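Q: next one to model:
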Amino acid sequence: PAMIVSETRMPRVDGFTMAKILRNNPLTRRVPIMFVSSQHTPQHVTQALVIGVAQYLPKTTSAAEIAEKIRKLVA
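A: Predicted coordinates:
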C-alpha cells in the first residue's frame, strides 16, 4: 500500500501493535502510517511517534485536513 490510515482502538490488534508489526516487516517498513483516533493523549502520540507513525490526528480533525495530510505523506 502507498499509505495506511488506522484507528488505534481495534478489536483484535490495536493500532500500536499493528504499527510495530508493519515496521518490523521489510515489505511495509517504509509505508507511511497515520492514526486518526479518539485516543489522542500526549502519551499515545509519543508512543506512536516512537514506533514510527508519521501522523497522529484526533478524530475531530476535518476530512479536508486529513486528506491534505495524506497528500503530503504520499507525495
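
Q: what's the longest helix in the protein?
A: helix 63-74 (DSSP state H).

Q: tell me the mean pLDDT for that one?
A: Taken as a whole, helix 63-74 has an average pLDDT of 95.

Q: name the residues of that helix that are buried.
A: For helix 63-74, the neighbour count (16 or more other Cβ atoms under 10 Å) marks 66, 69, 70, 73 as buried. The way it works is simple: take the backbone N, C-alpha and C, and place the C-beta from them, glycine included.

Q: who touches it?
A: By Cβ atoms under 8 Å, 6 or more residues apart in numbering, the residues outside helix 63-74 that reach it are 2, 3, 5, 32, 34, 36, 54, 55, 57.

Q: got the CA positions of it in PDB?
A: Taking Å, rounded to 0.1, in the frame of the first residue of the first chain, the C-alpha atoms of helix 63-74 are listed here in PDB:
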ATOM      1  CA  ALA A  63     -11.800  15.400   6.400                       C
ATOM      2  CA  ALA A  64     -10.200  18.100   4.300                       C
ATOM      3  CA  GLU A  65      -7.300  18.400   6.700                       C
ATOM      4  CA  ILE A  66      -6.900  14.600   6.900                       C
ATOM      5  CA  ALA A  67      -6.900  14.500   3.000                       C
ATOM      6  CA  GLU A  68      -4.200  17.200   2.900                       C
ATOM      7  CA  LYS A  69      -2.000  15.400   5.400                       C
ATOM      8  CA  ILE A  70      -2.400  12.200   3.300                       C
ATOM      9  CA  ARG A  71      -1.400  14.100   0.100                       C
ATOM     10  CA  LYS A  72       1.700  15.400   1.800                       C
ATOM     11  CA  LEU A  73       2.700  11.900   3.100                       C
ATOM     12  CA  VAL A  74       2.300  10.100  -0.200                       C
END
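
Q: start the count at 29, not 1, going forward
A: Noted, 29 is the first residue going forward, which turns the last one into helix 91-102.

Q: follow-up on the earlier one: and the buried residues of helix 91-102 as JSON lines, adding distance to residue 78?
A: Shown next, in JSON lines, are these (distance: Cβ to Cβ, whole Å):
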{"residue": "94", "distance to residue 78": "22"}
{"residue": "97", "distance to residue 78": "20"}
{"residue": "98", "distance to residue 78": "22"}
{"residue": "101", "distance to residue 78": "18"}
